[in-house]
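Student: A predicted structure for the sequence below; I have some questions about it.
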Amino acid sequence: MIRFIFLILFTALILNSCIEPPTKPLEQIPASADNGVCILCEGLWGMDNATLSRYNLNTGMVENNIYSKANQGLKLGDLASDFVVWGNIALISVTTTHTIEKIDLKSGKSLGRIIFPNKHAPRKIAIINDSLAAVTDLHNHFISFFNPYSLHIIKDSIPVGPAPEGLAVSGQALLVVNSGYGDYLANKPKASTVSVISINSMREIGNFYVAPNPIEILINKKQNTIYISYNNLPSLKDSLGGIVQFDLTSLKETARIRTNVRSMTLTSTGDTLLFISDSTVSFIDLSRNFEQQVLIRNSKPKDIWYSLACTSDGTILVGNAKNYQISGELLIFPKGKYTLPTKRYKLGSNPNKIVLY
């Protein structure tokens, strides 16, 4: 949804939201269990209704809108894009309101924020270490490095390819996926590629081709592989996307499949790649041939499954965006019970990221 909206409205003026400094919490949010789950709901473009929910794996309870409950009078903003965890903190990028929000993971309290100039569009975040993180800028075709604790910008506007989306850390390299915004910037230099950024020098040192309109990247250290999903171009007659596997050391392609991909995740053992494909949760057994197999079929195919996670005990969690216009759901599929969800929980609009911690 967010990519569709941005593509249509790329040249339009970005709506500005009023961002107030953090204040004392109005309501104390109970500390979560160690094995908790946070669900980021991006909201609707222009509605300033991004929210954060927490699911407790021990109690089976969901609490919605925990950020606003813990921070009096504050909202996350407009179109929350990413949620990453490092120790006891979490960082949230909010694209249309040009911010990165830092929160205490257990209490939900705000610990500060970066407010970028209005032209910036922070999209995806990667935390490298205690003093260094990076964020892609979807509209301006660069990345920025910042300190995740002090929230100071270390180096801004490092050029990469057009419309950078996902990014991942591999040793002293940062891999940045340059989507090209589908057809919009498909013919620009470095579209449909990955930029290799040296973390030490903070500049691009290499680049390799993936496929048209790549979006998401995962690194599997246990298999020494990289997985990148792509959406292909809407203008093509057969506009089917897919997943490409690369060797992490050589950065050479080793396998690929063609399928529509919306979200990817790895099992804790690293031997299975799970992803949402059309109206299914599918998987690839990485110890065998690189082939797609269906694990769960959506019994309500008009509902749009939007995000995905898997616990260490094999429970599958799915963020159901429904029709992108109404409140979403968290669907729970325990291991061995993948036919229908055993639990459904109401969430905010468009749950786009599920993070286990």
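Tutor: Ah, there it is.

Student: what bridges to the residue lying closest to residue 64 once chain neighbours are set aside?
Tutor: Nearest residue to residue 64, sequence neighbours excluded (C-beta to C-beta, 6 or more residues apart in numbering): residue 53, at 4.7 Å. For the C-beta atoms, the positions are set from N, CA and C on the backbone; glycine is no exception. Assessed by DSSP bridges, residue 53 has beta-bridge partners residue 39.

Student: same check on the one 10 residues further on?
Tutor: Legend: beta-bridge partners of residue 63 under DSSP bridges are residue 54.

Student: one step back: hmm, the residue nearest to residue 64 is touching residue 63, no?
Tutor: Yes: the pair residue 53 / residue 63 is scored as a contact, 6.6 Å apart, by C-beta atoms under 8 Å.

Student: show the pLDDT at the residue nearest to residue 64.
Tutor: Looking at residue 53, its pLDDT is 98.

Student: before we move on, what about residue 10?
Tutor: 35.

Student: what of residue 20?
Tutor: With respect to pLDDT, residue 20 scores 35.

Student: ditto for residue 30
Tutor: Turning to residue 30, the model gives it a pLDDT of 42.

Student: for the spatially closest residue to residue 240 that is not a sequence neighbour, list each beta-bridge partner.
Tutor: In space, and not counting its chain neighbours, residue 240 is closest to residue 258: 5.0 Å by C-beta to C-beta, 6+ apart. Listed by DSSP bridges, the beta-bridge partners for residue 258 are residue 242.

Student: and residue 258, how many neighbours?
Tutor: Applying other C-beta atoms under 10 Å, we find 14 residues neighbouring residue 258.

Student: how about it, what does it touch?
Tutor: 240-242 (C-beta atoms under 8 Å, 6 or more residues apart in numbering).

Student: same thing with residue 210?
Tutor: Residues in contact with residue 210 (C-beta under 8 Å, 6+ apart) are 177, 192-194, 228, 230, 244.

Student: any idea how far the residue nearest to residue 240 lies from residue 293?
Tutor: Distance from residue 258 to residue 293, counting by C-beta to C-beta, to the nearest Å: 15 Å.

Student: for residue 95, same thing?
Tutor: Using C-beta to C-beta, residue 95 is found at 34 Å from residue 293.

Student: quick one, which of the two is more surrounded?
Tutor: Comparing residue 95 with residue 293 by other C-beta under 10 Å, the one with more neighbours is residue 95, at 26 against 11.

Student: got a list of what that one touches?
Tutor: For residue 95, the contact set (C-beta under 8 Å, 6+ apart) comprises 2, 78-81, 121-123, 138.

Student: which of the contacts of residue 210 fall within helices?
Tutor: Among the contacts of residue 210, the subset assigned to helices under DSSP state H is empty.

Student: list just the nearest of those residues to residue 265.
Tutor: Nearest to residue 265 among the contacts of residue 210 is residue 228, at 14.0 Å by C-beta to C-beta.

Student: what is that closest one paired to in the beta sheet?
Tutor: The partner residues for residue 228, given DSSP bridges, come to residue 217, residue 244.

Student: and residue 69, helix, strand or coil?
Tutor: helix (DSSP: H, G, I helix; E, B strand; the rest coil).

Student: correct me, but it touches residue 107?
Tutor: No: the pair residue 69 / residue 107 is not scored as a contact, 10.2 Å apart, by C-beta under 8 Å.

Student: low-scoring stretches of this protein, by residue?
Tutor: 1-34 (pLDDT under 70).

Student: for the residue positioned nearest the centre of it, helix, strand, or coil?
Tutor: Taking C-alpha atoms, centre = their mean, the centroid of the chain lies closest to residue 82, which sits 4.7 Å from it. Three-state call for residue 82 (three-state DSSP): strand.

Student: OK, contacts around it?
Tutor: Residues near residue 82 by C-beta under 8 Å, 6+ apart: 40, 91-93, 123-125, 353.

Student: adding neighbour count and distance to residue 236, write the residues you listed out as CSV.
Tutor: Below are the contacts of residue 82 laid out as CSV (neighbours: other C-beta atoms under 10 Å; distance: C-beta to C-beta, whole Å):
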residue, neighbour count, distance to residue 236
40, 30, 31
91, 25, 36
92, 25, 34
93, 27, 30
123, 24, 24
124, 26, 25
125, 22, 31
353, 23, 28
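
Student: nearest to residue 205 among these?
Tutor: Using C-beta to C-beta, the contacts of residue 82 come closest to residue 205 at residue 124, 20.1 Å.

Student: and the closest one, how close does it get to residue 215?
Tutor: 10 Å.

Student: between these two, what contacts are shared?
Tutor: Common neighbours of residue 124 and residue 215, counting by C-beta under 8 Å, 6+ apart, are 165-166.

Student: these two touch, right, residue 248 and residue 228?
Tutor: No: Residue 248 is beyond contact range of residue 228, at 11.9 Å (criterion: C-beta under 8 Å).

Student: isn't residue 170 up against residue 219?
Tutor: Yes: assessed by C-beta under 8 Å, residue 170 is found in contact with residue 219 at 5.7 Å.

Student: overlap of the contact sets of the two?
Tutor: Taking C-beta under 8 Å, 6+ apart as the criterion, residue 170 and residue 219 both touch 226, 248.
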